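Chemist: Following is a predicted model, sequence given first.
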Amino acid sequence: MNTFISLAITSSLTMLINPYVLAQTPAQGAGVVTLGGVVVDSACGLELTSADQSIEMDPEPIGRLLRNTEGAPHPFQLRLVNCTLTRPDPSRPGATLPDWEHLRVMFDGPRDREGRSFAALGDSQGVAFHIWDSTGEESIPGEPMAPHPLAEGDMTLNYILRLVGNGLPLGAGAHRVAVRFTLEYF
């Protein structure tokens with residue numbers, strides 16, 4: 001199974017995830033995570049070592065998906081660094097805006113499973129991608145997740161990506177998805 005995840009920051013902190021996974025493979029594979037971008041206005045920075053990450057993903061046998069209704073967990077994380085709660089006011093030198101207090105994550109992309117998961121595109125059939133956070137909260141495409149309290153210093157946001165059945169008959173093949181997520185500070 002191969003997974004390619006590309007994360008690109010485009011505003012405040014917006015990223016793309018592009019997993020490429022094989023549902024059944026005669027040959028084993030590996031994956032890559034790439035992050036890069038520009039922060040416009042943010043309470044935190046993204047850790048530089050997150051710029052090139054690799055995630056090894058084993059092939060996902062159809063039998064396991066049939067038995068378990070979801071694939072093996074594939075963890076990924078966002079490591080936020082140098083978080084500061086203080087917000088200088090760019091229009092008034094020396095003045096500040098109200099402090100940052102919370103962080104909210106929203107994943108968005110093509111939808112499947114009646115809007116509850118991310119659609120898998122490609123040759124495979126019967127699977128979708130689903131994301132959970134470390135507390136077990138499910139990410140619903142286009143809906144903000146519960147806010148996290150924002151803390152000074154460094155923070156790590158942990159997530160799990162899994163293949164899930166979408167109700168169609170399973171068919172082996174390559175698949176991928178593009179998922180954008182936004183970190184909103186308030």
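Modeler: Here it is on my side, so go on. Remember, it's a predicted structure, so these values are computed and weren't measured experimentally.
Chemist: For the chain, give me the ranges with low pLDDT.
Modeler: For the chain, applying pLDDT under 70 flags the ranges 1-40, 48-57.
Chemist: Mind doing that once more with 50?
Modeler: Applying pLDDT under 50 to the chain flags the ranges 1-27, 51-52.
Chemist: where do the helices sit along it?
Modeler: 62-68 (DSSP state H).
Chemist: top strand in it by residue count?
Modeler: strand 153-165 (DSSP state E).
Chemist: May I have the beta-bridge partners of Met106?
Modeler: Here Met106 shows beta-bridge partners Pro144, Thr182, assigned using DSSP bridges.
Chemist: show me what contacts Leu65?
Modeler: By Cβ atoms under 8 Å, 6 or more residues apart in numbering, the residues touching Leu65 are 23, 71, 126-127, 163, 165, 170. Where you see a C-beta, it was placed from the backbone N, CA and C, and this is true even at glycine.
Chemist: for Gly115, same thing?
Modeler: Here Gly115 is in contact with 140-142 (Cβ under 8 Å, 6+ apart).
Chemist: mind redoing it with 10 Å?
Modeler: Counting by Cβ atoms under 10 Å, 6 or more residues apart in numbering, Gly115 touches 140-143.
Chemist: Fine, thanks again, bye for now.
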